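>>> One predicted model, sequence on top.
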Amino acid sequence: MPSAIKKLPMNFKGMLQSDVPQGRNGKHKGIVTRILSDLDQIGDGVALKVPLAALTESKEKVRSALNRATRKGGLHVATASDDTFLYVWNEVASSK
């Protein structure tokens, strides 16, 4: 009589794949979405002035998240900052 193979207990719970949430909503999504929305509405030569006090994360982390989002969307933006604000604007393609 063959010996029964012992199954190890599961370490994690299972769920239907169709119930798995799709997409990623990172912790910076809210501020990045708001910045991108405003960038769509401003003209050339205008910069957004985002108060650093309004950011829940550091300006470096928000800037990095914004960079990922704009590259993914094929947008070209530039940023600068001082002690109080993060400035963001649409880069105008130069015609050389």
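Now that the structure is in, tell me what you want to look at. Numbering: from 1, shown residues only.
>>> Going along the chain, name the helices of the protein.
Assigned by DSSP state H, the helices in the chain fall at 29-41, 59-72.
>>> how about low-confidence regions in the chain?
Along the chain, segments meeting pLDDT under 70 span 1-3, 94-96.
>>> can you redo the helices of the chain as JSON lines with distance to residue 19 and mean neighbour count?
Using the backbone N, CA and C atoms, a C-beta is placed for each residue, glycine as well. Formatted as JSON lines, the helices of the chain follow (distance: least, CB to CB, whole Å; neighbours: other CB atoms under 10 Å):
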{"stretch": "helix 29-41", "distance to residue 19": "22", "mean neighbour count": "14"}
{"stretch": "helix 59-72", "distance to residue 19": "26", "mean neighbour count": "16"}
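>>> Please convert these to a markdown table, extending it with distance to residue 79.
Conversion of the helices of the chain to a markdown table gives the following (distance: least, CB to CB, whole Å):
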| stretch | distance to residue 79 |
| --- | --- |
| helix 29-41 | 10 |
| helix 59-72 | 5 |
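>>> quick one, which of these is nearest to residue 7?
Comparison of the helices of the chain against residue 7 by CB to CB identifies helix 29-41 as nearest, at 40.5 Å.
>>> what does that closest one rub up against?
With contacts defined as CB atoms under 8 Å, 6 or more residues apart in numbering, helix 29-41 is touched by 48, 50, 54-56, 62, 65-66, 69-70, 73, 75, 77, 88-90.
>>> if you set the cut-off to 10 Å instead, what comes out?
Residues from elsewhere that reach helix 29-41 (CB atoms under 10 Å, 6 or more residues apart in numbering): 23, 25-26, 28, 46-48, 50, 54-57, 61-63, 65-70, 73, 75, 77, 79, 86, 88-90.
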